[in-house]
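> I need the structure of the sequence given here:
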Amino acid sequence: MIFCGPQPKSAMPKMIDAADVGLAILRATPTHRTVYPNKVFDYMACARPVVLAIDGVARRLVCDEASAGVFVEPGDGSALARTVLDLSRQPQRCAEMGERGRAWVVKNVSRKVLAQRYVDVLESLLRAR
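Modelled structure (predicted):
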């Protein structure tokens, strides 16, 4: 296993492409319960499973709604290590989670889908006038 430190945004496509899983880790704070880190969507769009140490809305999206990752308690380094090691031994499970994540992104937050939602809102506002 190789863990890379912070990388420039321009390097992320190659980094994610070379990765087996994506890690999304934040401290357990009330604010972090309400955020969706961009990296989560990047991992899912690239069909990579997510190891998520973020509770709250991100957990509900990744683990419950999209079934695209595994949750570990924020701050539990041992559980994080065990989870990464377990997933390294389950390539088929990783592939399945990655594909579910990609499908969720395409269905719910692709540019085409978001653009259509925007158009729908604008049209509804025009009709309301």
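
> Could you double-check that residue 48 sits in contact with residue 105?
No - contact between residue 48 and residue 105 fails when scored by C-beta atoms under 8 Å: they sit 11.2 Å apart. Yep, even glycine has a C-beta here, placed from its N, CA and C like the rest.

> which residues of this structure fall in helices?
12-18, 38-45, 57-59, 77-88, 91-108, 111-128 (DSSP state H).

> List just the one of those that sits closest to residue 24.
With C-beta to C-beta as the criterion, residue 24 lies closest to helix 38-45 of the helices of the chain, at 5.1 Å.

> Please name the nearest non-neighbouring residue to the residue minimising distance to the centre of the chain.
What sits nearest the mean C-alpha location of the chain, by C-alpha atoms, centre = their mean, is residue 40, with 2.5 Å. Counting by C-beta to C-beta, 6 or more residues apart in numbering, residue 24 is the residue found nearest to residue 40 once chain neighbours are left out, at 5.1 Å.

> ok, back up a step: quick check: the residue nearest to the centre of the chain touching residue 53?
No - with contact defined as C-beta under 8 Å, residue 40 does not reach residue 53; the gap is 11.5 Å.

> List the residues that are in contact with both of the two.
Common neighbours of residue 40 and residue 53, using C-beta atoms under 8 Å, 6 or more residues apart in numbering, are residue 24.
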